[in-house]
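In: below: sequence and its predicted model.
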Amino acid sequence: MKLPHDLQLFSTAQFPCAYLAGKVARNTVIDPEFKMQSNIYSQLIKSGFRRSGAQVYRPQCQPCKECISTRIPVNSFRFSKSQRRNFKKNSDLTVVINKGDYKPAYQELYAEYLQSRHDSDDSEEVHEFFKADWCSVYYVEFLEKGRLLGVAVIDVLESEVSAVYTFFLPNEGSKRGLGTYALLWQIDYAKKNNKNYVYPGYWIENCSKMNYKSKYRPIEGYFDGIWSPIRR
């Protein structure tokens with residue numbers, strides 16, 4: 001599928017990089033007036049784009065090229081020993097896929113997660129960051145005997161699943177490795193639903209918060225317009 005000829009791209013102003021100290025960032029963004037559709041976004045994500053709410057963007061931080069879009073080919077994925085232990089450890093959880101609206105319980109969970117991770121409680125408008133009216137957004141709930149432990153927000157697209165965000169109870173997240181389990185669950189879900197890839201977001205080799213993605217193998221990165229294996 002070719003992208004529409006009227007699709008326009010714009011550059012943002014520079015802003016402080018959230019991941020690498022002392023660096024500045026800039027994004028390429030899709031015209032916010034463009035009528036985005038799920039099938040068009042499915043093509044854009046193959047070219048390194050992501051979304052934040054309804055805004056579709058890609059880093060354009062010349063000369064820095066540290067932010068690498070990634071994808072996991074689910075039919076080739078192989079569990080490491082620690083990942084297999086994690087998946088088995090969390091097999092007692094009930095997983096519920098909410099294809100509806102953002103729930104108040106998510107807000108409470110996210111606020112607690114944000115406070116523990118970023119020492120912040122600025123969570124009031126987070127649902128705007130998660131939602132997009134033009135694609136299928138699922139809230140994947142992880143429950144222990146009815147108690148909500150975590151939520152993974154995902155986009156289910158034509159041939160891929162895109163991980164938007166995962167948040168969880170801090171203590172349970174550490175004890176169970178819920179961040180790891182959420183991504184392993186997405187890989188398993190994608191494979192069972194005949195999707196080719198899971199897109200877990202940007203990989204930054206020199207950022208400890210972002211370089212974990214290379215533990216999921218095989219994984220590919222979008223380097224200068226070409227998808228190639230990440231072997232680091």
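Out: Looks like it arrived, so ask away.

In: now the strands for the protein?
Out: Here the chain has its strands, by DSSP state E, at 9-11, 15-16, 24-25, 27-30, 50-52, 55-59, 68-73, 94-98, 136-144, 147-156, 160-168, 197-203, 220-223, 226-229.

In: nearest to S214, of the ones you listed?
Out: strand 197-203 (6.3 Å; CB to CB). In short, each C-beta sits where N, CA and C put it, glycine included.

In: note down every partner strand of that closest one and its orientation.
Out: strand 68-73 (antiparallel), strand 160-168 (parallel) (DSSP bridges).

In: mind putting those strands in CSV, distance to K81 and mean neighbour count included?
Out: CSV is the format used below for those (distance: least, CB to CB, whole Å; neighbours: other CB atoms under 10 Å):
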stretch, distance to K81, mean neighbour count
strand 68-73, 18, 22
strand 160-168, 22, 22
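
In: export the ones you listed to TSV and tack on distance to E112?
Out: Converted to TSV, the strands paired with strand 197-203 look like this (distance: least, CB to CB, whole Å):
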stretch	distance to E112
strand 68-73	28
strand 160-168	9
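
In: out of those, which is closest to F10?
Out: That would be strand 68-73 among the strands paired with strand 197-203, by CB to CB, at 19.0 Å.

In: residues in contact with the closest one?
Out: Strand 68-73 is contacted from outside by 45, 48-50, 58, 160, 187, 196-205, 213, 216, 218-223, 227, 230, using CB atoms under 8 Å, 6 or more residues apart in numbering.

In: from V96, how far out is P104?
Out: Computed as CB to CB, to the nearest Å, the P104 to V96 distance reads 16 Å.

In: got the contact list for C61?
Out: C17, K23, V24, A25, R26, C67.

In: quick check: nearest residue in space to Y113, chain neighbours excluded?
Out: Spatial nearest neighbour of Y113, chain neighbours left out: F167 (4.1 Å); criterion: CB to CB, 6 or more residues apart in numbering.

In: check Y216 too.
Out: I72 (5.4 Å).

In: also Y181?
Out: Counting by CB to CB, 6+ apart, the residue nearest Y181 is N90, at 4.4 Å.

In: that neighbour: how many residues sit nearby?
Out: The number of residues packed around N90, counting by other CB atoms under 10 Å, is 21.

In: ok, now S159?
Out: 11.

In: wait, doesn't it sit right on Q43?
Out: No. Using CB atoms under 8 Å as the test, S159 is too far from Q43 to be in contact (10.4 Å).

In: how about residues contacting stretch 9-25?
Out: The contact list for stretch 9-25 (CB under 8 Å, 6+ apart) reads 26-31, 57, 59-61, 64, 66-67, 204, 206-207, 209-210.
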